[in-house]
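*Asks:* here's a sequence, model it:
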Amino acid sequence: MKVRTYVLLSLLALILGVSATRRPANDIRTVTFDVAVHDKNGNPVVGLQRSDFRVFENNVEQTITSFRLRKDPLAIVILAELSDTYYLADAIKPAEALIRSLQPQDWAALVTFDSQPEIVVDFTHDKSALLAGLHELQMPYSHEPALYDALYFVLDRLNRIEGLEEKKAICLLGTGRDTASFRRSYGDVLKKAAASGTVIYAVGLEQSPGTASYSVHEPGSLVMTNQAGNNLRDIAQATGGVAFLPQFGGQYDAIPRIVSADLRHQYTLSFVSPNARANGKLHRIRVEVADTDVNDDGKPDKLRTRHQEGYYE
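*Replies:* Modelled structure (predicted):
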């Protein structure tokens, strides 16, 4: 039987994403965050320059002080729900492909949850250890998922580990349902995620026919499934990530490739905010990118951006 624990080992330093740094002398803040840019087909766009971007904080345009194409290694946590055994096959397939896509300098950890989180494999470069942990997953202790507690737990530990500059991410494999959290609420998680500096990719496990048929005769099951999907969308969107809600098994195959490409083709921008009031509210960030002819057809393409919603002060 695996020993449950609530402490992530400080093997790895991770400080990145959206951050706000105060300068006491004049009470200004340097805000740094990542931006993903895609064309109309969802393909990452590289080769853009600082002049292609405009940044706004609370609808007030800011001056971009630094800009680069992000090429840092990844530090990714695979967070998989095990509240029901029939989710295992859908969870393992994309997780295994994502692990195999990691580069030698990347870090990854495997955490599972039912009514509480469990660290199966802590941060490591060793793909074989991660794959072994994935294929040794056991029957759940509980059939009640505590999604909010588990996600807050991982976000909090990632934010507490300091040092190197890996790109932080969570690949959440779950139903989006929560029936067992007692430490944290949906609002707590959404606020934490919105300013965590960790991008979340959520993969729904309850939308495909193989799982949906399990509860089709339960009263209100369709409403519950739709709400669970909305939960995953909201959490991912708050961090600049993506929610995938596959309708059939084959759709899981493309997810790891999309996630890997998205993480490795982002821009890091900074601006200095003169906002001096620490009111505990979300300072919203908005990024606009100029229409650019990325496919060389002589016409400007409409580009789309994704990034964290903002930061709390």
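
*Asks:* do a quick rundown of the strands in the stretch 201-313 of the chain.
*Replies:* Along the stretch 201-313 of the chain, counting by DSSP state E, counting those that start in this stretch, strands occupy 243-244, 266-273, 282-289, 304-307, 310-312.

*Asks:* what's next to the second one, contact-wise?
*Replies:* Judged by Cβ atoms under 8 Å, 6 or more residues apart in numbering, the contacts made with strand 266-273 from elsewhere in the structure are 20, 28-37, 44, 48, 53, 55, 57, 62-70, 167, 283, 287. For every residue, glycine as well, the C-beta is placed using N, CA and C.

*Asks:* so how far is it from its chain's centroid?
*Replies:* Using Cα atoms, centre = their mean, to the nearest Å, the mean C-alpha position of strand 266-273 is found 19 Å from that of the whole chain.

*Asks:* that strand pairs with which strands, parallel or anti?
*Replies:* strand 28-38 (antiparallel), strand 64-70 (antiparallel) (DSSP bridges).

*Asks:* which of those strands sits closest to residue 194?
*Replies:* Distance to residue 194, taken as Cβ to Cβ, is lowest for strand 28-38 among the strands paired with strand 266-273, at 11.4 Å.

*Asks:* render the CA-only coordinates of the closest one in PDB, please.
*Replies:* Taking C-alpha atoms only, strand 28-38 is exported to PDB below (Å, rounded to 0.1, in the frame of the first residue of the first chain):
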ATOM      1  CA  ILE A  28       6.200  50.100  -8.500                       C
ATOM      2  CA  ARG A  29       6.000  46.500  -9.600                       C
ATOM      3  CA  THR A  30       7.600  44.400 -12.400                       C
ATOM      4  CA  VAL A  31       5.000  42.000 -13.800                       C
ATOM      5  CA  THR A  32       6.300  39.000 -15.800                       C
ATOM      6  CA  PHE A  33       4.000  36.500 -17.600                       C
ATOM      7  CA  ASP A  34       3.900  34.100 -20.600                       C
ATOM      8  CA  VAL A  35       1.800  34.500 -23.700                       C
ATOM      9  CA  ALA A  36       0.800  31.800 -26.200                       C
ATOM     10  CA  VAL A  37       0.100  33.000 -29.700                       C
ATOM     11  CA  HIS A  38      -1.800  30.900 -32.200                       C
END
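
*Asks:* after it, next one along is what?
*Replies:* strand 53-57 (DSSP states H and E).

*Asks:* what are the neighbouring residues in contact with the spatially closest residue to residue 281 that is not a sequence neighbour?
*Replies:* Leaving aside its sequence neighbours, residue 281 sits nearest to residue 312 (Cβ to Cβ, 6 or more residues apart in numbering; 7.1 Å). By Cβ under 8 Å, 6+ apart, the contact set of residue 312 is 20, 191, 194-195, 280-283.

*Asks:* which pair in those residues spans the largest distance?
*Replies:* That would be 20 and 191, which, of the contacts of residue 312, are the farthest apart (Cβ to Cβ) at 14.7 Å.

*Asks:* show me the contacts for the residue minimising distance to the centre of the chain.
*Replies:* What sits nearest the mean C-alpha location of the chain, by Cα atoms, centre = their mean, is residue 200, with 0.9 Å. Counting by Cβ under 8 Å, 6+ apart, residue 200 makes contact with 151, 169-170, 172, 193, 235-236, 238-239, 241.

*Asks:* for residue 101, same thing?
*Replies:* 256-257, 260.

*Asks:* please repeat the previous calculation with a cut-off of 10 Å.
*Replies:* 74, 127, 256-257, 259-261, 263-264 (Cβ atoms under 10 Å, 6 or more residues apart in numbering).
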